[in-house]
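J.: Need a 3D model of the following:
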Amino acid sequence: MGQNILYGFISVVVCVGFFLMVDHFLMDMQGLDFWYMFRK
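T.: As a prediction, the model looks like this:
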């Protein structure tokens with residue numbers, strides 16, 4: 001049970017990290033930011 005929780009946690013961290021990395025590259029390329037929608 002504990003191992004499944006650990007794998008789930010690692011998966012979430014990897015997904016979040018990948019999303020932030022992609023968001024950073026998109027922001028650099030197009031001048032867009034995913035979080036811009038929430039800043040208005």
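J.: Low-confidence regions, this protein specifically.
T.: 27-40 (pLDDT under 70).
J.: Which stretches in the chain count as helices?
T.: 2-30, 36-39 (DSSP state H).
J.: looking at the ones you listed, which is buried most?
T.: Of all the helices of the chain, helix 2-30 has the most neighbours on average by mean count of other Cβ atoms under 10 Å, namely a mean of 10. For the C-beta atoms, the positions are set from N, CA and C on the backbone; glycine is no exception.
J.: how much space between F19 and Y7?
T.: Look at F19 and Y7: by Cβ to Cβ, to the nearest Å, they are 19 Å apart.
J.: typo on my end, V14
T.: 11 Å.
J.: Same check on V13?
T.: As defined by Cβ to Cβ, V13 lies at a distance of 11 Å from Y7.
J.: same deal with V22?
T.: 22 Å.
J.: repeat for C15
T.: In this structure, C15 and Y7 are 13 Å apart, going by Cβ to Cβ.
J.: repeat for V16
T.: Applying Cβ to Cβ, one obtains 15 Å for the distance of V16 from Y7.
J.: for H24, same thing?
T.: H24 sits 26 Å away from Y7, going by Cβ to Cβ.
J.: do M1 as well
T.: Taken as Cβ to Cβ, the span from M1 to Y7 is 11 Å.
J.: Same question for F18.
T.: Distance, F18 to Y7, using Cβ to Cβ: 16 Å.
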